[in-house]
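K.L.:
Need a 3D model of the sequence below.
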Amino acid sequence: MDQSNQDPLHGKTLEHIVTTLVARYGWEALAGHVNIRCFTHDPSVKSSLVFLRKTPWARNKVEQLYLTLVHYGR
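P.N.:
Presented below is the predicted three-dimensional model:
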């Protein structure tokens, strides 16, 4: 069995993840879930992607929030 198919993030780009979270929560609520400056001060998908690609701990939090949304629909 292909191991990559068991990864729930397989095939999901970081841009897709951020865009989905923004569509679901909006920037203000998203910043409440993951308190990082790129979500609280003049937020944009582009600036968020730059920051998240450079900051593994923040990317991990965003990915975990996405997985929660996908799994539980919250």
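K.L.:
Can you check which helix is longest in this structure?
P.N.:
Scanning the chain for the helix with the most residues, using DSSP state H, yields helix 14-33.
K.L.:
Show me what counts as buried in that one.
P.N.:
Buried positions in helix 14-33, judged by neighbour count with 16 or more other Cβ atoms under 10 Å: 14, 17-18, 21-22, 25, 27, 30-31. Bear in mind the C-beta positions are built from the backbone N, C-alpha and C, glycine included.
K.L.:
got the contact list for it?
P.N.:
Contact with helix 14-33 is made by 9, 39-40, 43, 45, 48-49, 52-53, 59, 62-63, 65-66, 69, as judged by Cβ atoms under 8 Å, 6 or more residues apart in numbering.
K.L.:
how about the residues you listed, which pair is most distant?
P.N.:
Using Cβ to Cβ, the two most remote members of the contacts of helix 14-33 are Leu9 and Thr40, lying 24.5 Å apart.
K.L.:
Quick check: Ser47 vs Cys38, distance?
P.N.:
5 Å (Cβ to Cβ, to the nearest Å).
K.L.:
Those two: which has the busier surroundings?
P.N.:
Taking neighbours as other Cβ atoms under 10 Å, Ser47 and Cys38 compare with Cys38 leading, 22 against 14.
K.L.:
Which element, helix or strand, includes the spatially most central residue of the chain?
P.N.:
Nearest to the mean C-alpha position of the chain, by Cα atoms, centre = their mean, lies Val62 at 3.5 Å. Assigned by DSSP states H and E, Val62 falls within helix 56-72.
K.L.:
List the buried residues in that helix.
P.N.:
Using 16+ other Cβ under 10 Å as the test for burial, helix 56-72 gives 58-59, 61-63, 65-66, 69.
K.L.:
Only the C-alpha atoms, please, for that helix, written as PDB.
P.N.:
The C-alpha trace of helix 56-72 is given here as PDB (Å, rounded to 0.1, in the frame of the first residue of the first chain):
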ATOM      1  CA  PRO A  56       7.900  25.400  10.800                       C
ATOM      2  CA  TRP A  57       6.100  25.700  14.200                       C
ATOM      3  CA  ALA A  58       3.500  28.100  12.800                       C
ATOM      4  CA  ARG A  59       3.000  26.000   9.700                       C
ATOM      5  CA  ASN A  60       2.500  23.000  11.900                       C
ATOM      6  CA  LYS A  61      -0.200  24.800  13.900                       C
ATOM      7  CA  VAL A  62      -2.000  25.900  10.700                       C
ATOM      8  CA  GLU A  63      -1.800  22.400   9.300                       C
ATOM      9  CA  GLN A  64      -3.200  20.900  12.500                       C
ATOM     10  CA  LEU A  65      -6.100  23.400  12.400                       C
ATOM     11  CA  TYR A  66      -6.800  22.400   8.800                       C
ATOM     12  CA  LEU A  67      -6.800  18.700   9.700                       C
ATOM     13  CA  THR A  68      -9.300  19.500  12.600                       C
ATOM     14  CA  LEU A  69     -11.500  21.300  10.200                       C
ATOM     15  CA  VAL A  70     -11.400  18.600   7.600                       C
ATOM     16  CA  HIS A  71     -11.900  15.800  10.100                       C
ATOM     17  CA  TYR A  72     -14.500  17.300  12.400                       C
END
